[in-house]
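*Asks:* The sequence isn't on hand, but the structure is:
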């Protein structure tokens, strides 16, 4: 129940930013601009609020520098999409692909690339063809500035008041790793994105000449930040299911508001506020809400109809297929490899944490626990597709250990590891000995994950009492048993005694699987 309400403060902050940006955009419209300036401003605000949540001052300044410039460029691309689709679609696909590709140059470039994609998304959302001319391009920069200031003001005020989350979004590592064949992961993602968008433009133009943007938007969404082929398939299913549910809601709303009725605008903002809250629970809620919002938006411009809603589901399905096809056949990244890499990262951080616990170095203990918690967050990011697959497998009455079991078990270590980190004073001899044995089992699990030779895991020494710290060690060891059940024991070591020391832990790299970078898997 707590997780359901956890996202309400962030949704409230996003709603405040939306209202502020919407009011400013309406003033711009009243000065003689068309409706697209309002839609552009609101769309930028909605996407920027999620990306900039908890951002550092440096990250916000980067947004101030990047957004207006890219908004001007995408405004021109948007005009081409409505008047010269082939040229505009090519520039759109190349521009978004380039924004993904620049992640290879480090976290600053990755942040800039993420921000640069936001105006492209906004162009796809607006149903109003943008005007032409240099003045229109300058007003696009103003819309981006309004969105940035609205988000910054509301989020900084909320942070000062202690409202909402303060942790920044997970950033890419400085040097993205290379996958098999020498391709950096960012290169793979860029190629997949460009191909998916190109295919979506082509298929959308052929099958849905009046609504090709729905196909392209879906291809972009399911391909963005994908963490392997399974993740793209999972998001595609949620996208299609959410769109279908949204069609039901949109059908109920059809005809409630006549074209041009400002009451529908209030409903749109309310639905966006609820959608920003429910997105943390499942992307399906967001997809359903977006379908309802677009129905209201198109109805406001006199473009509504049940036939359009059914066409939307078809267009969404085609866009999802374009994204899945690109992820599956263009330099693919296997979800299993992503899971093994992130599991290995979590086990490495757990090794460091246990070593710091035994050595009672307070500074290292705090830093090691923070790294472990961060690794669990990253592991949780990829958990949903594996859990869904496990659910399907269990429906077939197959009870063999599943990778999702190992992921859940490792994520469940957050509590006991926190108990160990909060233990006052140095561990006693018995606790230190059991922590050392547990460290050896972590190393064995890391070797099992990478199929590297080494000694198998062994039971921990019997706990001398029922102290919470010993119980925490037992819970972590139970998670390691689950992981071993999924991935098996490490191959037998050729020679050498069993060694649970820190040197072994430092030398062990964890896995040979295809490396996948943070935030771009």
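*Replies:* Perfect, thanks for sending it. Note that this is a predicted model, so its numbers are computed, not measured. Numbering: from 1, shown residues only.
*Asks:* Can you report how many residues lie near the closest residue to residue 231 other than its chain neighbours?
*Replies:* Among residues not flanking residue 231 along the chain, residue 385 sits closest, at 5.2 Å (Cβ to Cβ, 6 or more residues apart in numbering). In this view, the C-beta of every residue, glycine as well, is placed from N, C-alpha and C. By other Cβ atoms under 10 Å, 22 other residues sit near residue 385.
*Asks:* got a list of what residue 385 touches?
*Replies:* Residues near residue 385 by Cβ atoms under 8 Å, 6 or more residues apart in numbering: 228, 230, 231, 233, 234, 335.
*Asks:* Does anything pack onto the strand or helix carrying the third one? Which helices or strands?
*Replies:* In other words, residue 231. Taking DSSP states H and E as the criterion, residue 231 maps to helix 229-253. On a contact count with 3 or more Cβ pairs under 8 Å, 6 or more residues apart in numbering; DSSP states H and E, helix 229-253 meets helix 212-223, helix 283-300, helix 306-329, helix 335-359, helix 383-395.
*Asks:* rank those by mean pLDDT and give me the bottom one.
*Replies:* Of all the helices and strands packed on helix 229-253, helix 283-300 carries the lowest average pLDDT, namely a mean of 77.
*Asks:* Compare the contacts of residue 385 and tell me which is most surrounded.
*Replies:* Tallying neighbours with other Cβ under 10 Å puts residue 335 at the head of these, with 25 neighbours.
*Asks:* tell me which helix or strand of the protein sits lowest on mean pLDDT?
*Replies:* Sorting the helices and strands of the chain by mean pLDDT, DSSP states H and E puts helix 502-507 at the bottom, at a mean of 38.
*Asks:* just checking, which of the helices and strands packed on helix 229-253 sits deepest inside the structure?
*Replies:* helix 212-223 (a mean of 27; mean count of other Cβ atoms under 10 Å).
*Asks:* Show me what it is packed up against.
*Replies:* Using 3+ Cβ pairs under 8 Å, 6+ apart: helix 212-223 touches helix 85-101, helix 107-125, helix 185-207, helix 229-253, helix 306-329.
*Asks:* Using neighbour counts, pick out the buried residues of the longest one.
*Replies:* Within helix 229-253, the residues that count as buried by 16 or more other Cβ atoms under 10 Å are 229-247, 249-250, 253.
*Asks:* Domain map for this protein?
*Replies:* Per automatic domain parsing, the structural domains of the chain span 1-161, 184-333, 335-507.
*Asks:* could you redo the helices and strands packed on helix 229-253 as CSV and give each row distance to residue 12?
*Replies:* Below are those laid out as CSV (distance: least, Cβ to Cβ, whole Å):
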stretch, distance to residue 12
helix 212-223, 24
helix 283-300, 16
helix 306-329, 29
helix 335-359, 32
helix 383-395, 25
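*Asks:* which one of the ones you listed lies closest to residue 149?
*Replies:* Across these, residue 149 has its closest neighbour in helix 283-300 (23.4 Å, Cβ to Cβ).
*Asks:* so that closest one versus helix 212-223, what angle?
*Replies:* Relative orientation of helix 283-300 and helix 212-223, computed by axes from the mean of the first three to the mean of the last three Cα atoms, to 10 degrees: 160 degrees.
*Asks:* which strands and helices sit next to helix 283-300?
*Replies:* Packed against helix 283-300 by the contact rule (3+ Cβ pairs under 8 Å, 6+ apart) you find helix 229-253, helix 263-278, helix 306-329.
*Asks:* show me the contacts for residue 190.
*Replies:* Residue 190 sits next to 97, 98, 100, 101 when contact means Cβ under 8 Å, 6+ apart.
*Asks:* Among the residues you listed, which one sits closest to residue 81?
*Replies:* residue 97 (16.1 Å).
*Asks:* doesn't residue 198 make contact with that closest one?
*Replies:* No: assessed by Cβ atoms under 8 Å, residue 97 is found out of contact with residue 198, at 9.0 Å.
*Asks:* which stretches of this structure have low pLDDT?
*Replies:* 1-5, 31-34, 126-137, 164-182, 254-255, 302-307, 465-466, 493-521 (pLDDT under 70).
*Asks:* SS state for the residue positioned nearest the centre of it?
*Replies:* When Cα atoms, centre = their mean is applied to the chain, the residue found nearest the centroid is residue 225 (6.0 Å). Three-state call for residue 225 (DSSP: H, G, I helix; E, B strand; the rest coil): coil.
*Asks:* helix or strand for residue 147, which one?
*Replies:* If you go by DSSP H and E, residue 147 is part of helix 134-160.
*Asks:* quick one: buried residues of that helix?
*Replies:* 136-137, 139-152, 154-155, 158.
*Asks:* chain center to that helix: distance?
*Replies:* What separates the centre of helix 134-160 from the centre of its chain is 23 Å, taken as Cα atoms, centre = their mean, to the nearest Å.
*Asks:* ok and it relative to helix 107-125, angle-wise?
*Replies:* 120 degrees.
*Asks:* For helix 134-160, name the packing helices and strands.
*Replies:* Against helix 134-160 (3+ Cβ pairs under 8 Å, 6+ apart) you get helix 8-30, helix 36-51, helix 57-83.
*Asks:* now those as TSV including distance to residue 379 and mean neighbour count?
*Replies:* Below are those laid out as TSV (distance: least, Cβ to Cβ, whole Å; neighbours: other Cβ atoms under 10 Å):
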stretch	distance to residue 379	mean neighbour count
helix 8-30	22	19
helix 36-51	21	24
helix 57-83	24	19
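*Asks:* any chance of those in a markdown table, plus distance to residue 469?
*Replies:* A markdown table is the format used below for the helices and strands packed on helix 134-160 (distance: least, Cβ to Cβ, whole Å):
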| stretch | distance to residue 469 |
| --- | --- |
| helix 8-30 | 34 |
| helix 36-51 | 39 |
| helix 57-83 | 39 |
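*Asks:* Give the full set of residues in contact with the closest residue in space to residue 64 that isn't next to it in sequence.
*Replies:* Once flanking residues are discounted, residue 64 sits nearest to residue 148: 5.7 Å by Cβ to Cβ, 6+ apart. Neighbouring residues of residue 148 by Cβ under 8 Å, 6+ apart: 48, 60, 63, 64, 67, 68.
*Asks:* From residue 63, how far out is residue 148?
*Replies:* 6 Å (Cβ to Cβ, to the nearest Å).
*Asks:* any common contacting residues for the two?
*Replies:* Joint contacts of residue 148 and residue 63 (Cβ under 8 Å, 6+ apart) are residue 48.
*Asks:* what's the spacing between stretch 58-74 and its chain's center?
*Replies:* Chain-centre distance of stretch 58-74: 21 Å, with Cα atoms, centre = their mean.
*Asks:* and what of stretch 8-25?
*Replies:* Computed by Cα atoms, centre = their mean, the separation of stretch 8-25 from the middle of its chain amounts to 22 Å.
*Asks:* contacts for it?
*Replies:* Outside stretch 8-25, the residues within contact range by Cβ under 8 Å, 6+ apart are 37-38, 40-42, 44-46, 49-50, 53, 143, 146-147, 150-151, 153-155, 158, 163-165, 265, 269, 272-274, 276-277, 280.
*Asks:* switch the cut-off to 7 Å
*Replies:* Stretch 8-25 has contacts (Cβ atoms under 7 Å, 6 or more residues apart in numbering) with 37-38, 41-42, 45-46, 49, 53, 143, 146-147, 150-151, 153-155, 158, 163-165, 269, 272-273, 276-277.
*Asks:* Lovely, talk soon.
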